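> Sequence and predicted structure below; questions after.
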Amino acid sequence: MEPAKTKPKSSRSKGPRPKSKTHVILLHSDELFYDQRVNRDAQILRGNVRFRHDDVILTCDSACYYEASNSFDAFGHVKMNQADTLTLTSDVLFYNGFDQMAMARYNVILTHFDSRLYCDSLDYDRLYDLGYFFQGGKLVDKDNTLTSEWGQYSPATREAIFNYNVDLKNPKFTLVSDTLHYNTGDEIARIVGPSNIDNGDNHIYSERGSYDTRNDHAFLLDRSIVSNKGRSITGDSLDYTGQGGISKAYHNVLYVDQVDKNMFTGHYGLYCDSLGYAEAADSAMLIDFSQRDSFFCHADTFKLFSYNIDTDSVWREMRGYHHVRAYRSDVQAVCDSMVFISKDSCLTMYHDPILWQQGQQLLGEEIKAWVNDSTIDSTYVIRQALSVERIDTFCYNQMTGNIMRSYFANGKMKWTWVDGNVLVKYYPLDSDSLMIGLLHAESAELKLYMGPEKLDKIWMPASEGKLHPLALVQPNERYLPNFQWFDYIRPTSKEDIFIWRPKKKGTELKPSVRHEAPKKGRNKKKDL
């Protein structure tokens, strides 16, 4: 059996109740008589009955007036007016002048300015200016309609408190709660218990906060959640605007996209469902969990843009700004900024980018990586491209050129094309996977094909090259002029992505100078 609900505590004072010193005055009645058989203590009134008590005027069809106890019972078309701002109507009303208490029953309507409270049982306490119902009620205030099993309303503060099965309906949203405070003056609903708000496709869950029903704006606390079509955002505090579906979250922010299987964390987050735009900053981290092995990426700021959002051809663009570091067990990356476009699954890294895949390191002025099922399918390094593969502590396969295009299968390089000022330092292996020497080559172009475990073949046009026996290789001949192994920068775990480690002084990549083509018809002045 469900336990009986206890009546919520009234906001009235718990101290001794002061008695009113003024008397109820009978102003008019068409008939007045005594009937001891009906009630020996009452004057029976009929027809256009009218009472006054202080600033209250009450009218009804008939009444029993108890002059000694300063009270009356009113029946039929009962109407009570107080200070021209509050009107109470009902079928029956019991009024005690000493206690200043009115108890209205049946078809009760309490009207205060633009607000109307409908119920069947209402006690109105004039001393504390408080009316409360306990058998179900409905408050209609402009565009808002609130219903609950129990509630109270204060005309002085215009504050209403609703308990048990609270339902607030508005043309823009609905709110369901167990406890809700609502002010008819500023039209703000204050959430003080588990509440659910539905606004179109947006759903809000909150246990503490406020909702401005007039402006469709909410400020929410205690890890409230805003969700929309499989995407949700939460934080220690949330600022939500219904127009545009804009959610701003602060401190311990978590944004989860169950559709595209990724999430943001940080201490600031923003999501706009109408634009499909998201933003994260302050210890921001992007997590892709679409595969078994999650991908973690940190940047000072992340921004997500959506295009063709209301069509079947929607695609998204993710941008990371400054101090980008990424980690997954099989691939890591570092750069200053990045852009990922879902339409072609292309990740572009800018400003000193470095990409590691197992024992392979790629760097250049700009790196593009195409991803297939979260695995790198191919890479394109633009300007000052350098590929380094670590074999052991002293031996590294190295290739450099102006541009470099590589293709991978199962995380391993299958073939590479390098163009422009190509330099190669490579350790070929024999059939027993033993190094047979160091190959040094220079060419304008190179194509390198990999077998299952070792180099299959190298193609170059007219070139200069030589295979040096290992025993004759001098230490200064092992490395290309621009060789660098940035293992000390490489992220080692998902926690390590938050620790920025710059390149050592003197090893930074110096951007190449690209000259403009001469314009046609330009007149050159001769030196005088």
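Done, it's in. Numbering: from 1, shown residues only.

> which is the next helix or strand following whichever strand or helix holds Asp178?
Element membership for Asp178, per DSSP states H and E: strand 173-183. Next in sequence after strand 173-183, counting helices and strands by DSSP H and E, comes strand 188-191.

> Mind listing the strands that next one pairs with, and their directions?
Strand 188-191 has its sheet partners listed here by DSSP bridges as strand 173-183 (antiparallel), strand 208-212 (antiparallel).

> export the ones you listed to TSV and tack on mean neighbour count and mean pLDDT?
The C-beta positions use only the backbone N, C-alpha and C, and glycine is treated the same way. Output for these, formatted as TSV (neighbours: other C-beta atoms under 10 Å; pLDDT from 0 to 100):
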stretch	mean neighbour count	mean pLDDT
strand 173-183	20	94
strand 208-212	20	94
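
> Look at Ile497 and give its secondary structure.
helix (DSSP: H, G, I helix; E, B strand; the rest coil).

> er, Lys19 I mean
Of the three states, Lys19 takes coil under three-state DSSP.

> Number of residues surrounding the residue lying closest to it once chain neighbours are set aside?
Spatially, and ignoring its direct neighbours in sequence, Lys19 is nearest to Phe98 (4.7 Å; C-beta to C-beta, 6 or more residues apart in numbering). When neighbours are counted by other C-beta atoms under 10 Å, Phe98 registers 16.

> so Phe98 sits right up against His53, yeah?
No - judged on C-beta atoms under 8 Å, Phe98 makes no contact with His53 at a distance of 10.3 Å.

> buried ones in the least confident helix or strand in the chain by mean pLDDT?
The weakest-scoring helix or strand in the chain, judged by mean pLDDT, DSSP states H and E, is strand 455-459 (a mean of 77). For strand 455-459, a neighbour-count test (16 or more other C-beta atoms under 10 Å) marks Ile458 as buried.

> Likewise for stretch 384-393?
For stretch 384-393, burial by neighbour count (16+ other C-beta under 10 Å) applies to 384-390.

> just stretch 372-388 next, same as before
In stretch 372-388, counting by 16+ other C-beta under 10 Å, buried: 374-376, 378-388.

> ok, now stretch 90-109?
Within stretch 90-109, the residues that qualify as buried by neighbour count (16+ other C-beta under 10 Å) are 90-93, 95-105, 108-109.

> So which of those residues sit within strands?
When the buried residues of stretch 90-109 are checked against strands (DSSP state E), the matches are 90-93, 95-96, 101-105, 108-109.

> Identify the farthest-apart pair in these.
Asn96 and Ile109 (21.2 Å; C-beta to C-beta).

> ok so, going back, return the member of the ones in strands among the buried residues of stretch 90-109 nearest to Ser20.
Asn96 (9.0 Å).

> Next up, the contacts around that closest one.
Residues in contact with Asn96, defined by C-beta atoms under 8 Å, 6 or more residues apart in numbering, are 69-71.

> okay, and for the stretch 1-150 of the chain, where does confidence drop off?
Scanning the stretch 1-150 of the chain for pLDDT under 70 picks out 1-15, 38.

> just to revisit the earlier point, please enumerate residues in contact with the strand holding Asp178?
Against strand 173-183 from outside (C-beta under 8 Å, 6+ apart): 139, 141, 144, 146, 148, 157-169, 188-200, 211, 213, 216, 242.

> one step back: tell me the contacts of the residue nearest to Lys19?
Applying C-beta under 8 Å, 6+ apart, one finds that Phe98 lies in contact with 19-20, 69-71.

> Kindly present these as a markdown table, with separate columns for neighbour count.
What follows is the contacts of Phe98, written out as a markdown table (neighbours: other C-beta atoms under 10 Å):
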| residue | neighbour count |
| --- | --- |
| Lys19 | 12 |
| Ser20 | 17 |
| Ser69 | 13 |
| Asn70 | 20 |
| Ser71 | 19 |
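
> just these now: which is nearest Gly230?
Ser20 (60.8 Å).

> quick one on the thing from earlier: for the helix or strand following the least confident helix or strand of the chain, the averaged confidence score.
Toward the C-terminus, strand 455-459 is succeeded by strand 464-468 as the next helix or strand (DSSP H and E). Across strand 464-468, pLDDT averages out at 82.

> Now do strand 464-468: which elements does it pack against?
When contacts are defined as 3 or more C-beta pairs under 8 Å, 6 or more residues apart in numbering; DSSP states H and E, strand 464-468 packs onto strand 438-450.

> contacts for the strand it packs on?
399, 401, 412-428, 455-468, 470, 473, 477-478.

> how about 6 Å then?
The contact list for strand 438-450 (C-beta atoms under 6 Å, 6 or more residues apart in numbering) reads 413-419, 422-428, 456-461, 463-468, 473.

> any idea how far Asp91 is from Ser71?
Asp91 sits 18 Å away from Ser71, going by C-beta to C-beta, to the nearest Å.

> Identify, from the contacts of Phe98, the entry nearest to Ser237.
In terms of C-beta to C-beta, no member of these lies closer to Ser237 than Ser20, at 46.4 Å.

> ok, the closest one to Ile191 distance?
As for Ser20, its distance to Ile191 is 37 Å (criterion: C-beta to C-beta).

> Which strands or helices does the helix or strand hosting Cys64 pack on?
Following DSSP H and E, one finds Cys64 within strand 56-66. Applying 3 or more C-beta pairs under 6 Å, 6 or more residues apart in numbering; DSSP states H and E, we find strand 56-66 packed against strand 39-53, strand 71-82.

> Identify each buried residue in the first one, please.
What it means is strand 39-53. 42-46, 49-51, 53.

> Give me the residues contacting it.
Residues outside strand 39-53 that contact it (C-beta under 6 Å, 6+ apart): 24-33, 35, 58-60, 62-66, 97.

> ok and it relative to strand 71-82, angle-wise?
Interaxial angle of strand 39-53 relative to strand 71-82 (axes from the mean of the first three to the mean of the last three C-alpha atoms, to 10 degrees): 20 degrees.

> what lines up beside strand 39-53 in the sheet?
For strand 39-53, pairing defined by DSSP bridges yields strand 25-28 (antiparallel), strand 31-35 (antiparallel), strand 56-66 (antiparallel).

> Distance from the chain centre to the last one, please.
Just to be clear, that refers to strand 56-66. Here strand 56-66 shows a centroid-to-chain-centroid distance of 57 Å under the convention C-alpha atoms, centre = their mean, to the nearest Å.
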